[in-house]
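Chemist: no sequence on this one, just coordinates:
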């Protein structure tokens, strides 16, 4: 039976049962009083039977109220079970999620059936996502191994030809630096634990920022010269050490150099290094900072992981990227 018809019938039953109980009790008490009473002069409403009848009226009202409230309580209980299940379904922890048993063919039964169907699909989707994540982790782990294998071969080949082209030592140094960096970067990722940069757990260490920055400038210097871009370093900090992570900081600076090389169309990149501040400023064509590409998103994500502040300003006269470090 549908809930609408059920509670319409329940309402009609309540409306009819109250006067019916009054009539039945009054007739019953009157018959008993007339049958057993020998006092013919005392009226019924003046006798002791009258308060007994009133008491029976009150008892019957309470009995009817309890009887009909059980139906309401059953409905509320079913609604609460549905509400709790939906809240568990919406939460991140779905380990205790169980289907709701139901046997009644009404609106709540249909809703329960729909929630159970949603639970089945959610669990199936969770299992599918977990399988995809495992496959992705296995693929990335294999990819890390595949990256390191040719890097080792490249390092050996560079070592072999380096003796024959000693006049290009700066190029070989740059290539070796890049090979070492790629190797460290691929080993840095724990693919079985990380799905995105925000979930990364970073162990902070003391990083010599001027030394790291000079290493990166040495690595990019050849490509910048080829593209006729000069790098100017204003080193205002003699002793600048940040509590950070060298590989991630290296990656951050690399993305800044790469964005400048690819998109700035400039002829000068000026770097100002202070104790708690690094400013990268070019004289290029600028860009719309609201339209963030992959490089800018990586810069912001790494700054968030390393607890650094990043500010990007750009106009037709050039772009300025400011990286701020707060000591704790």
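Modeler: On my side now, so go ahead. Computed from a prediction, not measured in an experiment: that's the story for all the values here.

Chemist: Can you show me the strands along this structure?
Modeler: Shown for the chain, the strands assigned by DSSP state E span residues 205-208, 230-235, 241-244, 268-273, 277-282, 309-315, 318-324.

Chemist: ok, now how distant is the residue lying closest to residue 288 once chain neighbours are set aside from residue 266?
Modeler: If the residues on either side of it in the chain are set aside, residue 288 comes closest to residue 314, at 7.6 Å by Cβ to Cβ, 6 or more residues apart in numbering. Heads up, the C-betas are built off the backbone N, CA and C, glycines and all. Distance, residue 314 to residue 266, using Cβ to Cβ, to the nearest Å: 12 Å.

Chemist: neighbour-wise, which of those two wins?
Modeler: The neighbour comparison of residue 314 against residue 266 (other Cβ atoms under 10 Å) goes to residue 266, with 21 against 17.

Chemist: burial of the closest residue in space to that one that isn't next to it in sequence, as a residue count?
Modeler: In space, and not counting its chain neighbours, residue 266 is closest to residue 284: 3.4 Å by Cβ to Cβ, 6+ apart. Number of residues near residue 284 (other Cβ under 10 Å) recorded here: 20.

Chemist: same question, residue 35
Modeler: The burial count for residue 35: 7, using other Cβ under 10 Å.

Chemist: contacting residues around it?
Modeler: Listed by Cβ atoms under 8 Å, 6 or more residues apart in numbering, residue 35 has no contact partners.

Chemist: All further residue positions should be reported with the first residue as 56.
Modeler: Okay, using 56 as the starting number, the last item reads as residue 90.

Chemist: thinking again about what came up before, in a markdown table: the strands of the chain, plus distance to residue 312 and mean pLDDT.
Modeler: Listed next are the strands of the chain as a markdown table, based on distance: least, Cβ to Cβ, whole Å; pLDDT from 0 to 100:
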| stretch | distance to residue 312 | mean pLDDT |
| --- | --- | --- |
| strand 260-263 | 17 | 91 |
| strand 285-290 | 9 | 90 |
| strand 296-299 | 18 | 90 |
| strand 323-328 | 8 | 94 |
| strand 332-337 | 8 | 94 |
| strand 364-370 | 15 | 92 |
| strand 373-379 | 10 | 94 |
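
Chemist: closest one to residue 216 among the ones you listed?
Modeler: Proximity of the strands of the chain to residue 216 was assessed by Cβ to Cβ; the nearest stretch is strand 285-290, lying at 27.2 Å.

Chemist: Who are the packing partners of that closest one?
Modeler: For strand 285-290, the contact count by 3 or more Cβ pairs under 8 Å, 6 or more residues apart in numbering; DSSP states H and E identifies helix 264-281, strand 323-328 as packing neighbours.

Chemist: any idea of the pLDDT on the closest residue to residue 61 other than its chain neighbours?
Modeler: Excluding its sequence neighbours, the residue lying closest to residue 61 (Cβ to Cβ, 6+ apart) is residue 161, at 6.9 Å. At residue 161, the model reports a pLDDT of 74.

Chemist: Give me the neighbour count for residue 161.
Modeler: Neighbours of residue 161 under the rule other Cβ under 10 Å: 17.

Chemist: Return the distance of it relative to residue 173.
Modeler: Distance, residue 161 to residue 173, using Cβ to Cβ: 19 Å.

Chemist: Throw the helices and strands packed on strand 285-290 into a markdown table and include mean neighbour count and distance to residue 350, thanks.
Modeler: Formatted as a markdown table, the helices and strands packed on strand 285-290 follow (neighbours: other Cβ atoms under 10 Å; distance: least, Cβ to Cβ, whole Å):
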| stretch | mean neighbour count | distance to residue 350 |
| --- | --- | --- |
| helix 264-281 | 16 | 14 |
| strand 323-328 | 19 | 15 |
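
Chemist: Could you say which one of these comes nearest to residue 361?
Modeler: That would be, of the helices and strands packed on strand 285-290 and by Cβ to Cβ, helix 264-281, which comes in at 12.1 Å.

Chemist: who's in contact with that closest one?
Modeler: In contact with helix 264-281 (Cβ under 8 Å, 6+ apart) are residues 225-226, 228-229, 232-233, 236, 285-286, 288, 290, 292, 295-297, 301, 304-305, 308-309, 312, 316, 324, 326, 328, 333.

Chemist: So what's the model's average confidence on it?
Modeler: On average, helix 264-281 scores 88.

Chemist: could you give the angle of it to strand 323-328?
Modeler: Put simply, helix 264-281 runs at 180 degrees to strand 323-328, going by axes from the mean of the first three to the mean of the last three Cα atoms, to 10 degrees.
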